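Asker: fold the following.
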Amino acid sequence: MIITDFAPNITKRDAILALKLLFQPLRWRRGKSKQYIKRRLKSRFFGSDSQISTFLTGRAALYQYLKNLNLNVGDEILVQGFTCEAVVLPILKLNLKPIYVDINSDDYSMNINDLKKKYSNRSKVIVLQHTFGISPKYQTEITLFAKKHKIEIIHDVAHGFDPEKFHMKKYEGTILMSFGRSKAFSSVFGGAIISQNKKTTTKMRDMERQLTLPSYWFIFKILIYQPQAYLIKLTYNIWIGKIIHAFLNYFGLILKEITTREKKGEFDITFLHSFPNVCALLLLQQLDTFNDVVDRRTAAVDYYNNNIVNNSIKYSGPLSRYPLVVGDQKKTLNRSSSKGVLLGSWYTQPVAPKELDLEQVGYIRGSCPVAEKINNKIINLPTNITLDEVKKVTAVINDELNHQ
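Answerer: Predicted coordinates for the structure are as follows:
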């Protein structure tokens with residue numbers, strides 16, 4: 001079975017490392033790996049002028065950054081209407097107001113014209129999402145707009161990004177990263193704020209130090225997730241993986257990416273912790289093979305570009321997922337699954353997941369018409385797979401597209 005959504009980065013090596021670390025609890029919470037991972041990230045993606053603060057999740061990182069801005073109740077945060085709860089719930093928790101901006105149909109990122117329409121004198125922050133790892137085509141214009149109006153800009157690269165985009169360069173604003181299980185590289189949980197602004201980095205470093213570490217029980221569940229996920233993926237074809245997954249979910253023995261509280265539209269303070277040493281160890285191993293993953297994802301994107309029928313939009317680089325708009329989303333997902341390909345569907349509503357009440361997060365239906373249209377038609381193809389698997393996915397998709 002080829003799977004898009006579930007633990008796309010976990011390998012046998014990751015599962016073995018996690019099992020070894022289960023028997024080394026003295027390394028779980030504190031150690032030198034946390035500082036080492038910061039140096040590795042700076043060296044590989046940013047440069048010596050950038051400073052990094054790490055947190056248990058990307059949403060915790062965003063929460064802490066917005067909190068450090070000392071905004072007033074009701075101040076507006078401009079976000080796109082094709083996003084997830086991890087972006088919106090920290091905003092609401094701080095009594096700020098998300099303003100939803102429509103997207104472009106080709107890069108799934110913020111539309112500059114709708115941004116200008118929805119800007120007001122209460123707008124304080126723009127969250128510019130690099131959806132699927134695609135560089136926003138209006139990034140320069142939006143950055144200049146933010147600078148002109150003295151608005152903070154956050155480059156949300158949680159999905160992924162071009163590894164050379166910020167490397168050894170000056171950039172405006174702040175960068176938000178996530179090391180969640182479905183991201184470009186993963187430690188199951190994790191997130192970071194990166195900035196070249198000394199005032200910002202000093203405040204974020206203080207906030208990072210003030211947070212407590214997660215409990216030993218939470219860290220245990222992070223570690224056990226790696227072999228659980230690997231075993232589920234390995235045996236999914238023969239139904240054993242499905243049974244294991246259902247069993248672990250039923251008894252609450254597997255860490256969920258989105259909690260029940262978050263699905264109800266409530267910010268979950270469970271994640272307001274600093275980044276534990278053991279997550280840094282997991283992340284370091286993922287970075288060791290990151291170049292191979294980049295090559296694999298890039299090759300997959302190139303193959304999809306050149307071989308999917310009637311595909312007018314082309315992408316480049318190591319996308320975390322390959323987006324495709326189809327005529328019948330539900331039918332394509334179901335029929336592909338019956339052929340051994342579990343596709344993704346980021347996002348099926350303006351603020352995912354689908355269980356989330358949009359009114360609860362302040363979204364007004366009809367306010368982002370392009371996003372809402374795409375919500376009903378988009379599917380995601382996996383990219384961190386072998387070329388033979390890419391060819392199988394392409395054949396399955398082409399068969400579906402030829403019958404729509």
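
Asker: residues in contact with Thr289?
Answerer: 11, 13 (C-beta atoms under 8 Å, 6 or more residues apart in numbering). In this view, the C-beta of every residue, glycine as well, is placed from N, C-alpha and C.

Asker: next: Ile224.
Answerer: 18, 22.

Asker: state the mean pLDDT of stretch 364-372.
Answerer: The average of the pLDDT scores along stretch 364-372 is 98.

Asker: next, the buried residues of it.
Answerer: For stretch 364-372, the neighbour count (16 or more other C-beta atoms under 10 Å) marks 367-368, 370-372 as buried.

Asker: again, but for stretch 166-173
Answerer: Within stretch 166-173, judged by 16+ other C-beta under 10 Å, the buried ones are 166, 171-173.

Asker: next, format the buried residues of stretch 364-372 as CSV and append distance to Leu234 and secondary structure.
Answerer: Shown next, in CSV, are these (distance: C-beta to C-beta, whole Å; DSSP: H, G, I helix; E, B strand; the rest coil):
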residue, distance to Leu234, secondary structure
Ser367, 44, coil
Cys368, 40, coil
Val370, 40, helix
Ala371, 36, helix
Glu372, 38, helix
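
Asker: among the residues you listed, which two are most distant?
Answerer: Ser367 and Val370 (10.7 Å; C-beta to C-beta).

Asker: helix, strand or coil: sort out Val188 for me.
Answerer: Using DSSP: H, G, I helix; E, B strand; the rest coil, the structure places Val188 in coil.

Asker: isn't it right next to Ile254, touching?
Answerer: No - counting by C-beta atoms under 8 Å, Val188 stays clear of Ile254, with 10.8 Å between them.

Asker: more neighbours: which of those two?
Answerer: The residue with more neighbours, out of Val188 and Ile254, is Val188; 26 against 17, by other C-beta atoms under 10 Å.

Asker: distance check, the more buried one against Thr235.
Answerer: According to C-beta to C-beta, to the nearest Å, Val188 and Thr235 sit 20 Å apart.

Asker: and what of Gln64?
Answerer: In terms of C-beta to C-beta, Gln64 sits 39 Å off from Thr235.

Asker: mutual contacts of Ser367 and Val370, please.
Answerer: Between them, Ser367 and Val370 share the contacting residues Asp102, judged by C-beta under 8 Å, 6+ apart.

Asker: all strands of the chain, in order?
Answerer: Remark: strands assigned in the chain by DSSP state E are 2-3, 51-55, 76-80, 83-84, 97-101, 123-129, 152-156, 174-178, 191-195, 321-325, 341-342, 351-352, 378-382.

Asker: strand partners (parallel or antiparallel) of the third one?
Answerer: In the sheet containing strand 76-80, the strands it pairs with under DSSP bridges are strand 97-101 (parallel), strand 123-129 (parallel).

Asker: mean pLDDT and mean neighbour count for the ones you listed - can I get that in CSV?
Answerer: Compiled in CSV, the strands paired with strand 76-80 are given as follows (pLDDT from 0 to 100; neighbours: other C-beta atoms under 10 Å):
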stretch, mean pLDDT, mean neighbour count
strand 97-101, 98, 22
strand 123-129, 98, 23
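
Asker: now render those as TSV, adding distance to Trp28.
Answerer: TSV is the format used below for the strands paired with strand 76-80 (distance: least, C-beta to C-beta, whole Å):
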stretch	distance to Trp28
strand 97-101	35
strand 123-129	32
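
Asker: closest to Thr11 out of the ones you listed?
Answerer: strand 123-129 (27.6 Å).

Asker: next, the angle strand 152-156 makes with the closest one.
Answerer: 20 degrees (axes from the mean of the first three to the mean of the last three C-alpha atoms, to 10 degrees).

Asker: TSV for the strands of the chain, including distance to Trp239?
Answerer: Below are the strands of the chain laid out as TSV (distance: least, C-beta to C-beta, whole Å):
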stretch	distance to Trp239
strand 2-3	14
strand 51-55	38
strand 76-80	39
strand 83-84	30
strand 97-101	41
strand 123-129	37
strand 152-156	38
strand 174-178	32
strand 191-195	35
strand 321-325	26
strand 341-342	14
strand 351-352	28
strand 378-382	21
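
Asker: what comes up buried for the lowest-mean-pLDDT helix or strand in the chain?
Answerer: Counting by mean pLDDT, DSSP states H and E, the chain has its least confident helix or strand at helix 240-250, which shows a mean of 90. By neighbour count on 16+ other C-beta under 10 Å, the buried set for helix 240-250 is 241, 244-245, 248.

Asker: what's the answer for stretch 42-49, then?
Answerer: 42, 45-46.

Asker: list the contacts of it.
Answerer: 50, 52, 163, 166-170, 175, 194, 196, 287, 290.

Asker: can I get the CA coordinates of it in PDB?
Answerer: Extracted C-alpha coordinates of stretch 42-49, given in PDB (Å, rounded to 0.1, in the frame of the first residue of the first chain):
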ATOM      1  CA  LYS A  42      21.300  27.100  10.900                       C
ATOM      2  CA  SER A  43      24.200  25.700   8.900                       C
ATOM      3  CA  ARG A  44      21.900  23.800   6.400                       C
ATOM      4  CA  PHE A  45      19.000  26.200   5.900                       C
ATOM      5  CA  PHE A  46      19.700  29.700   7.200                       C
ATOM      6  CA  GLY A  47      23.100  31.000   8.300                       C
ATOM      7  CA  SER A  48      24.900  32.400  11.200                       C
ATOM      8  CA  ASP A  49      22.800  35.600  11.300                       C
END
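
Asker: closest one to Asn111 among the strands of the chain?
Answerer: strand 97-101 (6.5 Å).

Asker: and for the closest one, what's in contact with it?
Answerer: 74-81, 88, 91-92, 110-111, 114-115, 118, 120, 122-123, 350-351, 361-364, 367-368.

Asker: dump it to PDB, restricted to CA.
Answerer: Extracted C-alpha coordinates of strand 97-101, given in PDB (Å, rounded to 0.1, in the frame of the first residue of the first chain):
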ATOM      1  CA  LYS A  97      -8.900  37.800  15.300                       C
ATOM      2  CA  PRO A  98      -8.100  35.700  12.200                       C
ATOM      3  CA  ILE A  99      -9.000  37.400   8.900                       C
ATOM      4  CA  TYR A 100      -9.200  34.900   6.100                       C
ATOM      5  CA  VAL A 101      -7.600  35.800   2.700                       C
END
